[in-house]
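Trainee: Model the structure of this input:
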Amino acid sequence: MKQIQGGITAAKGFQAAGVEAAIKYRNRKDMALIYSQVPCTAAGTFTTNVVKAAPVLWDQRIVRESPYVQAVVVNSGIANACTGKEGLDCCAAESRCAGELLGIPADSVLVASTGVIGMQIPVDKITAGIGRLAAAKSDSPEAGTDAAKAIMTTDTVEKQIAVTFEISGKTVTLGGMCKGSGMIHPNMCTMLGFLTTDVKISRQMLQKALSADVVDSFNMISVDGDTSTNDTLLLLANGLAENEEITSEGKDYDSFCEALHYVTTYLAKKMAGDGEGATALFETKVIGAASKEDARTLAKSVICSSLTKAAIFGHDANWGRILCALGYSGAQFDPENVDLYFQSVSGKIHIYGKGVACDYSEEEATKILSDPEVTVLVDMHMGEQEATAWGCDLSYDYVKINADYRS
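Mentor: Model prediction:
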């Protein structure tokens, strides 16, 4: 597997665009298009929040019922959530407009939105934006970057990646982009993620791969513990690599899943590290757990702890907060059998073991915790299972950003 330049336009037959439609923002791109020159099999995972945005309801039906998908239209600024029938009518208008301009069926068009909840999207602006997107679409890396920038809200950087790998003797490509900085606590599988590949794979196996993957990628991140109304992850496969179709588990399926996990983990970490107001990516790796579920639960509990996140921001080796978060996670363990470590590019330090604090240097710990990527390593000494979760520190700016979010 090799990482290459680009994102959603890297795979054969995919085009993209990003334009300014002034739906909420001014003087910045706020609409994106993903388009395949041929029909695609599609898979999706969506928020488990009972309150689901109109685009989520729309996409769930399309992914479940439509024979194929060929385009995705995305806007930022307004979430189209809690908007009733008018919100669903907007989704239908978007799909009709894109279908007419691209020459494809309306039920092959997926839609996604991110931004403020409760506001109605101006349909005239979004359909005008679709017109500009259709005219601007291109398979260039720059077009993919434009799309990645257009879906941002409070994100500080665009997030995209592409890889090539081998399946059945064919070189195939998988690319992706996502957005997410606040209201990030995916439980699906505010985040949006889009993946494109030229691999030929059946709809059943595509959905199986995606649903299994998110458990240890996007579902293992958290910025603020809030599961969005709009969480959506879509994967389109157009088959233009002309590999032998993947219709069952085996070597080719495993290769595809490996590449998929590389891409989704990369994007997940980019979201966690770009959390609103964040100064550091905060990773927790649990090893030696009794079960995989316990490992996930313990790791996620630590990165979700507001007190631990605040300590990471302050570069404070306050290991008691970590142990506390492990203790209320719901997993059962003996605290006197746990070892805790801090590590980063600056080194690794043992901070807790055998039920008490280790004899460590506060200065060395502070140096480690001052790096832009910090890891807490937790050894449970109970088994062979492990899991990793990703979050970020909690800074003053998080409150500032969210206090003014609707302004």
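Trainee: how about Pro140, what does it touch?
Mentor: No Pro there; residue 140 is Ser. Contacts for Ser140 were tallied using Cβ atoms under 8 Å, 6 or more residues apart in numbering; they are Thr9. Bear in mind the C-beta positions are built from the backbone N, C-alpha and C, glycine included.
Trainee: From Gly7, how far off is it?
Mentor: Distance, Ser140 to Gly7, by Cβ to Cβ, to the nearest Å: 11 Å.
Trainee: Could you do Ser138 as well?
Mentor: From Ser138 across to Gly7, the span is 13 Å (Cβ to Cβ).
Trainee: Look at these two and report which has more neighbours.
Mentor: Neighbour comparison, Ser138 and Gly7: the larger count goes to Gly7, with 29 against 14 (by other Cβ atoms under 10 Å).
Trainee: Buried ones in the helix or strand containing Ala259, by neighbour count?
Mentor: Following DSSP states H and E, one finds Ala259 within helix 251-273. For helix 251-273, burial by neighbour count (16 or more other Cβ atoms under 10 Å) applies to 252-253, 255-257, 259-273.
Trainee: what's the offset of it from the middle of its chain?
Mentor: Helix 251-273 sits 11 Å away from the centroid of its parent chain (Cα atoms, centre = their mean, to the nearest Å).
Trainee: quick one: average pLDDT of it?
Mentor: When pLDDT is averaged over helix 251-273, the result is 95.
Trainee: What's the first helix or strand after it?
Mentor: Downstream of helix 251-273, the next assigned helix or strand under DSSP H and E is strand 281-289.
Trainee: Extract the C-alpha set from that next one and format it as CSV.
Mentor: Provided in CSV are the C-alpha atoms of strand 281-289 (Å, rounded to 0.1, in the frame of the first residue of the first chain):
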residue,chain,number,x,y,z
LEU,A,281,-3.8,15.3,19.5
PHE,A,282,-4.5,13.1,22.6
GLU,A,283,-4.2,9.4,22.0
THR,A,284,-5.0,6.6,24.5
LYS,A,285,-3.8,3.1,23.8
VAL,A,286,-5.0,0.3,26.1
ILE,A,287,-3.1,-3.0,26.0
GLY,A,288,-3.4,-6.2,28.0
ALA,A,289,-7.2,-5.9,28.3
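Trainee: which helices and strands sit right next to that strand?
Mentor: Contacts defined by 3 or more Cβ pairs under 8 Å, 6 or more residues apart in numbering; DSSP states H and E place strand 281-289 against helix 251-273, helix 292-304, helix 306-313, strand 373-379, strand 385-392.
Trainee: Could I get the ones you listed in JSON lines, plus columns for distance to Met119?
Mentor: Listed next are the helices and strands packed on strand 281-289 as JSON lines, based on distance: least, Cβ to Cβ, whole Å:
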{"stretch": "helix 251-273", "distance to Met119": "23"}
{"stretch": "helix 292-304", "distance to Met119": "29"}
{"stretch": "helix 306-313", "distance to Met119": "29"}
{"stretch": "strand 373-379", "distance to Met119": "36"}
{"stretch": "strand 385-392", "distance to Met119": "27"}
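Trainee: got the angle for the helix holding Ala259 vs strand 373-379?
Mentor: Compare the direction of helix 251-273 with that of strand 373-379 by axes from the mean of the first three to the mean of the last three Cα atoms, to 10 degrees and you get 120 degrees.
Trainee: quick one, strands of the stretch 101-250 of the chain?
Mentor: Under the criterion DSSP state E, counting those that start in this stretch, the stretch 101-250 of the chain contains strands at 109-116, 159-167, 170-179, 192-197, 232-237.
Trainee: the inter-axis angle of the fourth one versus strand 170-179?
Mentor: Using the same axes, to 10 degrees, the direction of strand 192-197 lies 170 degrees away from that of strand 170-179.
Trainee: what's the distance between strand 192-197 and the middle of its chain?
Mentor: Counting by Cα atoms, centre = their mean, strand 192-197 comes out at 9 Å from the chain centroid.
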